[in-house]
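Q: Pasted the sequence and its predicted model underneath.
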Amino acid sequence: MHPFGRFEGVSTTDMGVQAVRAALREAGVGKGGFQAAFCGTAYGGVATGHKVLSRLGMTGMPIVDVEAGCASGGAALMLAAGAIKAGQYDTVLVFGTEKMPKGIIRSSFFEPWQEEAGLAATPSFFALRAQRVTMTSGVTKDHLAQVVVKNRRHGAANPDAMYQKEISAEEVLASRVICEPLHLFMLCSPNEGAAAVVLTRADRDTASTSSGASMPSVPPITLAGAVLRSHLPGSVLSESTPLSGLTDDTVPAPTTLAARAAFEEAGLGPDDLDVVECQDTDAARELISYEEIGLCDPGGSAELLVSGATMLGGRLPVNPSGGLLSKGEPLGASALGQVVELVRQLRGECGPRQVEGARVALSHTVGRGANAGVVILTR
Amino acid sequence: MSERVMVRAGLFKDGEQPALLGSRCTVCGAHHFPRHDTCPYCSTEDPVPTELSGSGTLWAWTAVTSAPPGYQGEIPYGLGVVELPEGIRVITRLTEGDPAALAFGQAMRLRIVPLHADADGNDVVTFAFAPLDAS
């Protein structure tokens, strides 16, 4: 893991090298110890993964860059897991590295005329979704502030987070309005960072592995499900950002599609979860994620938040890392950042932000495309 | 002499009776905006071109307070979703930039509004919805 933040003079490659080196060391995997590598990145440019692994002198195997917006890391994990299951590889390196442009992100997703017409204002789409959840789920601005307070409190105990300082609801509500109902501190900061994991066959005999592998220094965690889904057409505020949709509120969200498939793959359900890291690009997005993943019934997100269940110490802590609201969001690395956090949670390594006794964990990212990634981990 | 230039041809009809230019699927009946050459819902090719209703109701709204990338017009401006009787919801600019002045379900009417002047001094125009009582 390379911390998330802003790092002048540190390149996308530099951060990737740091994260990959740490993951390989922890897994006891060296040169020749993995047969493929998948690299999540959205703004890294051509051959981002190759540049990282060239620096480490570890090339020759297939290296594939994966772009799936905010879910790039989830997509990379899904590809790696599928290839291992199919018997193509025994061990695969999965990493993500990113340096986001500053300010409101100019996305190549939009046509020039959409920018010219003012229809390419990304935070305004978050705001429209936020306003809808105030109508459908009784969410208020106070609830939105409460999400920020919760995640920033969690993030204060995460040395890899960009913001490690708690914030009060009053401060959140006093920050300027970006797009009604969203205030500045309800939005995450696009930033920089990298994360890496090593995936290997569950039945791999580590003792007899021939080249480049030693016994890992830590107990392995099981990847029980890794799913990527795109959107179905018809939802006007879907992350696919269409210009129109249908007056039909029954179109399932990409997150719902991905979560259902991941639960099925893992043979688990929402009631089995002990800890969740979910997309909180803005405060409302976390509440929408509760409903779309199935952590509560439709319309029940405000109630779940207010119950305290999703706070550290609650029944189902959500974003114990501090979430994107504390960490910031480097697109290609954010999903794997969640996975690294959850692996540490399942190993009981998280100190003051540890979810006691966590055995089943879920990671969720969703963004432009639409792309929704859901990963389930167990110990 | 300055002229009115559409921000993109084929999106809307300018003039006294403006309209959004959409299409309708001959198989599943869904309406689309903008015009599609394949229905995004059932993948049937060659939907028929149609002009969409210029009246609708407000379904969601906000205001953009700082200029997004590539935008040269005034801020703040309204942005929202308007429901049309054809059974579709359209992402659109709103002429009202104060969210507190708008309400769910309120009647809205299509207008073609200026965005900014281009390098030749022409007025670049786009589609927007305005509260019915203001138009």
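A: Right, received. Where do you want to start? Numbers count the residues shown, from 1 in each chain, chains lettered A, B, ... in the order given.
Q: Spit out the contact partners of residue 107.
A: If you meant another chain, say so; for now it's chain A. By C-beta atoms under 8 Å, 6 or more residues apart in numbering or on different chains, residue A:107 lies in contact with A:120, A:122, A:368. (Each C-beta comes from the backbone N, C-alpha and C, glycine too.)
Q: that's the wrong chain, I wanted chain B
A: Residue B:107 neighbours (C-beta under 8 Å, 6+ apart): B:55, B:56, B:57, B:131, B:132, B:133.
Q: switch the cut-off to 7 Å
A: Neighbouring residues of residue B:107 by C-beta atoms under 7 Å, 6 or more residues apart in numbering or on different chains: B:55, B:57, B:132.
Q: any idea how far it lies from residue A:178?
A: From residue B:107 across to residue A:178, the span is 28 Å (C-beta to C-beta, to the nearest Å).
Q: now residue A:263
A: According to C-beta to C-beta, residue A:263 stands 34 Å off from residue A:178.
Q: Please apply the same query to residue A:303.
A: Noted for residue A:303: a distance of 26 Å to residue A:178, by C-beta to C-beta.
Q: got it, and residue A:43?
A: To residue A:178, residue A:43 is 22 Å away according to C-beta to C-beta.
Q: on that earlier part again, residue A:303 and residue A:178: which has the busier surroundings?
A: Neighbour count, other C-beta atoms under 10 Å in any protein chain shown: between residue A:303 and residue A:178, residue A:178 has more, with 24 against 16.
Q: gap between the more buried one and residue A:185?
A: For residue A:178, the distance to residue A:185 equals 10 Å [C-beta to C-beta].
Q: now stretch A:244-263, how far from the chain's geometric center?
A: Stretch A:244-263 sits 18 Å away from the centroid of its parent chain (C-alpha atoms, centre = their mean, to the nearest Å).
Q: any residue of it up close to chain B?
A: Yes: residues of stretch A:244-263 contacting chain B under C-beta under 7 Å from any C-beta of the partner chain: A:244, A:245, A:246, A:247.
Q: which residues touch the residue lying closest to residue A:190 once chain neighbours are set aside?
A: Leaving aside its sequence neighbours, residue A:190 sits nearest to residue A:100 (C-beta to C-beta, 6 or more residues apart in numbering or on different chains; 3.8 Å). Residue A:100 is in contact with A:43, A:190, A:191, A:192, A:330, A:331, counting by C-beta under 7 Å, 6+ apart.
Q: how about 10 Å then?
A: Applying C-beta atoms under 10 Å, 6 or more residues apart in numbering or on different chains to residue A:100 gives the contacts A:6, A:42-43, A:189-193, A:328-333.
Q: burial measure for residue B:9, as a count.
A: Residue neighbour count, defined by other C-beta under 10 Å, stands at 9 for residue B:9.
Q: swap that for residue A:241, please
A: For residue A:241, using other C-beta under 10 Å, the count is 21.
Q: what do you get for residue A:297?
A: Residue crowding around residue A:297 was assessed by other C-beta under 10 Å; the count is 12.
Q: For the nearest residue to it once chain neighbours are set aside, the count of nearby residues, please.
A: Spatial nearest neighbour of residue A:297, chain neighbours left out: residue A:291 (7.6 Å); criterion: C-beta to C-beta, 6+ apart. Other residues near residue A:291 come to 21 when the count uses other C-beta under 10 Å.
Q: I'd assumed residue A:291 was in a strand, is it?
A: No: Residue A:291 is assigned helix when assessed by DSSP: H, G, I helix; E, B strand; the rest coil, not a strand.
Q: does residue B:20 count as helix, strand or coil?
A: Going by three-state DSSP: residue B:20 is strand.
Q: How about it: which residues does it bridge to?
A: Per DSSP bridges, the residues bridged to residue B:20 are residue B:12.
Q: So for it, what's the pLDDT?
A: pLDDT for residue B:20: 98.
Q: Can you confirm whether the helix or strand where residue A:178 lies lies near chain B?
A: Element membership for residue A:178, per DSSP states H and E: strand A:177-179. Yes: with C-beta under 10 Å from any C-beta of the partner chain as the measure, strand A:177-179 is seen reaching chain B through A:177, A:178, A:179.
Q: The spatially most central residue of chain A: what's it in contact with?
A: With the centre of chain A defined as its mean C-alpha position, the nearest residue by C-alpha atoms, centre = their mean is residue A:335, 2.8 Å away. If you count contacts by C-beta under 10 Å, 6+ apart, residue A:335 has them with A:40, A:68, A:70-77, A:94, A:96, A:195, A:228, A:277, A:279, A:363-367, A:371, A:373-375.
Q: thinking again about what came up before, of the contacts of residue B:107, keep whichever come out buried.
A: residue B:57 (16 or more other C-beta atoms under 10 Å in any protein chain shown).
Q: Adding pLDDT, write the contacts of residue B:107 out as JSON lines.
A: Listed next are the contacts of residue B:107 as JSON lines, based on pLDDT from 0 to 100:
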{"residue": "B:55", "pLDDT": "97"}
{"residue": "B:57", "pLDDT": "98"}
{"residue": "B:132", "pLDDT": "93"}
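Q: Closest to residue A:109 out of the contacts of residue B:107?
A: Closest approach between the contacts of residue B:107 and residue A:109, by C-beta to C-beta: residue B:57, at 28.4 Å.
Q: Make sure I have this right: that closest one is in a strand.
A: Yes: under three-state DSSP, residue B:57 sits within a strand.
Q: Bridged to it, which residues?
A: Counting by DSSP bridges, residue B:57 is bridged to residue B:83, residue B:107.
Q: what residues are up against it?
A: Per C-beta under 10 Å, 6+ apart, neighbours of residue B:57: B:82, B:83, B:84, B:85, B:89, B:104, B:105, B:106, B:107, B:108, B:129, B:132.
Q: same check, this time on residue B:72
A: Contacts for residue B:72 (C-beta under 10 Å, 6+ apart) come out as A:115, A:116, A:118, B:115, B:116, B:117, B:118, B:124.
Q: The fourth one touches residue B:7, doesn't it?
A: Think residue B:115. Yes: judged on C-beta atoms under 10 Å, residue B:115 makes contact with residue B:7 at a distance of 6.2 Å.
Q: quick one: common contacting residues for these two?
A: Residues touching both residue B:115 and residue B:7 (C-beta under 10 Å, 6+ apart) are A:116, A:117, A:118, B:73, B:124, B:125, B:126.
Q: Most neighbours of all those, which one?
A: Ranked by neighbour count (other C-beta under 10 Å), these have residue A:118 at the top, with 26 neighbours.
Q: where does that residue fall, helix, sheet strand or coil?
A: coil.
Q: Chain neighbours aside, what residue packs nearest to it?
A: Distances taken as C-beta to C-beta, 6+ apart put residue B:71 closest to residue A:118, at 4.8 Å, once the chain neighbours are dropped.
Q: quick one: residue A:86 from residue A:80, how far?
A: 11 Å.
Q: higher neighbour count, the two?
A: Applying other C-beta under 10 Å to residue A:86 and residue A:80 shows that residue A:80 carries more neighbours, namely 28 against 8.
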